[in-house]
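Novice: Using only what follows, build the 3D model:
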Amino acid sequence: GGSASPIGGQVAYFLGAGATRADYPSIPLMDELLHEILRTGSAENLLQSFLAEIFGPECLRPEAQAQERPRIDDVFTLIDASLSGKAPSPGGKSREVLIEARRHLIASIGRVLAKAIGEDHGRVARKFATSLPEGNTTLISTNYDILMDNALLERSPRNVNYGVPVREAVHRRGDLNAGRFDEIHHYRPIPGSQETIRRGGIPLLKLNGSLNWLYCPRCDELDITLLQDRGALTLLDELKLGRCCLDRCTSPYEPILVGPSLGQRYGHRVLRDTWTRAERALLASNRLVIIGYSIPDADYLVRAMLARTFAARSHLVTVVNMPRTPSDQRILEQRFKRLFPHSTFLSEGFERF
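Specialist: Sure, this is the predicted structure:
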């Protein structure tokens with residue numbers, strides 16, 4: 001929109017959950033996420049009993065309000081602080097139980113997002129992706145969902161570029177006979193997809209990982225699924241269904257998804273490389289447009305990166321959001337002004353922008 005359109009030079013767009021909400025208003029934000037998971041029955045038994053034991057059984061009541069349930073970032077922080085050795089285990093749980101509870105938590109976030117987005121491709125995301133010039137645009141996102149990935153893939157020419165090397169685009173073969181999991185590769189490379197994944201002039205740097213990333217720890221390679229095939233979601237639901245697509249490797253794939261926690265860990269090679277690329281892109285950009293992102297407390301590492309690269313040149317920062325109330329807008333502006341005192345606010349939302 002008008003004043004916000006970039007005039008030459010490198011532009012970095014930073015996308016938060018609000019960018020996805022422009023197309024899917026029913027997508028829950030952080031403080032409603034665990035509420036939505038429990039309300040829609042997206043949590044498995046192990047996760048339910050973990051929450052009931054730590055926070056009391058009332059938090060599981062289907063009719064409970066969002067403010068009667070714990071926040072999802074508190075649950076992640078409890079688990080991560082213990083797994084990193086910085087705090088005792090909640091309820092004396094074993095490391096294995098904590099790791100499982102964490103996996104179930106991420107899987108249920110994925111389910112809630114997948115349910116809200118469905119098979120649809122967002123109109124606003126598509127319009128935005130189509131309008132971006134190649135060569136001087138970088139997208140940086142904290143979202144797991146693959147809405148913007150799909151919008152970029154539908155551009156002409158098709159754009160797949162995660163800023164880190166991708167080995168193969170793979171697809172999942174049909175369901176398999178029980179008992180033969182070890183000998184069968186559930187994912188196969190998509191013929192001809194090298195064309196698609198080897199190019200793309202617009203990097204999409206996903207700081208928290210992505211629902212379509214499949215990482216093979218033995219090969220140390222990242223494979224991806226395309227469009228509606230959310231590979232990581234299948235994996236989180238059915239760990240045994242994801243084996244590396246290489247015939248000579250039988251290692252299970254792992255998802256790469258970082259939960260919203262004050263103990264956030266970005267030690268994974270793929271994420272470290274993504275963060276390095278993001279920092280370089282921000283330093284090289286002469287404009288930063290932040291869309292639908294409220295710099296939540298748990299994202300202190302993101303805040304630090306944005307401050308390192310743009311706090312001293314905050315007049316080049318534009319914040320696009322769509323507040324529910326004037327007081328929401330005031331609070332958001334106060335938070336941003338402390339990092340970026342001379343930033344500009346466009347509060348008519350992503351679609352208008």
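Novice: Strands along the protein, start to end?
Specialist: Using DSSP state E, the strands of the chain run over residues 11-15, 137-141, 170-172, 187-189, 204-206, 213-216, 221-224, 288-291, 317-320, 344-346.
Novice: pretty sure residue 95 contacts residue 83?
Specialist: Yes. Counting by CB atoms under 8 Å, residue 95 touches residue 83, with 6.8 Å between them. To be clear about C-beta, it is placed using only N, CA and C from the backbone, and glycine gets the same treatment.
Novice: now the strands of the chain as JSON lines including distance to residue 159?
Specialist: As requested, the strands of the chain are exported to JSON lines (distance: least, CB to CB, whole Å):
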{"stretch": "strand 11-15", "distance to residue 159": "14"}
{"stretch": "strand 137-141", "distance to residue 159": "10"}
{"stretch": "strand 170-172", "distance to residue 159": "19"}
{"stretch": "strand 187-189", "distance to residue 159": "20"}
{"stretch": "strand 204-206", "distance to residue 159": "8"}
{"stretch": "strand 213-216", "distance to residue 159": "17"}
{"stretch": "strand 221-224", "distance to residue 159": "13"}
{"stretch": "strand 288-291", "distance to residue 159": "18"}
{"stretch": "strand 317-320", "distance to residue 159": "22"}
{"stretch": "strand 344-346", "distance to residue 159": "25"}
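Novice: The ones you listed: which one's closest to residue 276?
Specialist: Among the strands of the chain, the nearest to residue 276 by CB to CB is strand 204-206 (9.7 Å).
Novice: Can you give me the buried ones in the closest one?
Specialist: By neighbour count on 16 or more other CB atoms under 10 Å, the buried set for strand 204-206 is 204-206.
Novice: before we move on, what about stretch 244-259?
Specialist: 244-246, 252-259.
Novice: got it, and stretch 79-97?
Specialist: Result for stretch 79-97 [16+ other CB under 10 Å]: buried residues 79-83, 90, 93, 97.
Novice: Check those residues and tell me the two furthest apart.
Specialist: It's 81 and 97 that sit farthest apart of the buried residues of stretch 79-97, by CB to CB, at 15.2 Å.
Novice: hang on, the earlier thing: which among the buried residues of strand 204-206 gets closest to residue 138?
Specialist: Nearest to residue 138 among the buried residues of strand 204-206, with distances taken as CB to CB, is residue 205, at 6.7 Å.
Novice: give the contact list for residue 60.
Specialist: 38, 48, 51-52 (CB atoms under 8 Å, 6 or more residues apart in numbering).
Novice: Filter those down to the buried ones and hand me the PyMOL line.
Specialist: Buried subset of these, written as a PyMOL selection, criterion 16+ other CB under 10 Å:
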select buried, resi 38+48+51
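Novice: Could you dump the contacts of residue 60 into JSON lines with pLDDT and distance to residue 65 added?
Specialist: As requested, the contacts of residue 60 are exported to JSON lines (pLDDT from 0 to 100; distance: CB to CB, whole Å):
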{"residue": "38", "pLDDT": "89", "distance to residue 65": "11"}
{"residue": "48", "pLDDT": "89", "distance to residue 65": "18"}
{"residue": "51", "pLDDT": "92", "distance to residue 65": "16"}
{"residue": "52", "pLDDT": "91", "distance to residue 65": "17"}
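Novice: can you give me the helices for this structure?
Specialist: Assigned by DSSP state H, the helices in the chain fall at 17-21, 30-39, 45-55, 72-83, 95-117, 123-131, 147-153, 194-197, 231-237, 269-284, 300-310, 326-339, 349-352.
Novice: circling back to that earlier point, please convert the buried residues of strand 204-206 to TSV, extending it with distance to residue 104.
Specialist: Converted to TSV, the buried residues of strand 204-206 look like this (distance: CB to CB, whole Å):
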residue	distance to residue 104
204	27
205	27
206	22
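Novice: of all the residues you listed, which comes closest to residue 27?
Specialist: Nearest to residue 27 among these, with distances taken as CB to CB, is residue 206, at 16.6 Å.
Novice: Was I right to think the closest one contacts residue 161?
Specialist: No. Counting by CB under 8 Å, residue 206 sits too far from residue 161 to count as a contact (11.2 Å).
Novice: Now residue 29. Nearest residue, chain neighbours left out?
Specialist: In space, and not counting its chain neighbours, residue 29 is closest to residue 17: 5.7 Å by CB to CB, 6 or more residues apart in numbering.
Novice: on that earlier part again, ok, of the buried residues of stretch 244-259, which one's closest to residue 9?
Specialist: Distances from residue 9 to the buried residues of stretch 244-259, taken by CB to CB, are shortest for residue 258, at 30.6 Å.
Novice: Report pLDDT for that closest one.
Specialist: Note for residue 258: predicted pLDDT of 82.
Novice: Before I go, just wanted to say thanks for your time.
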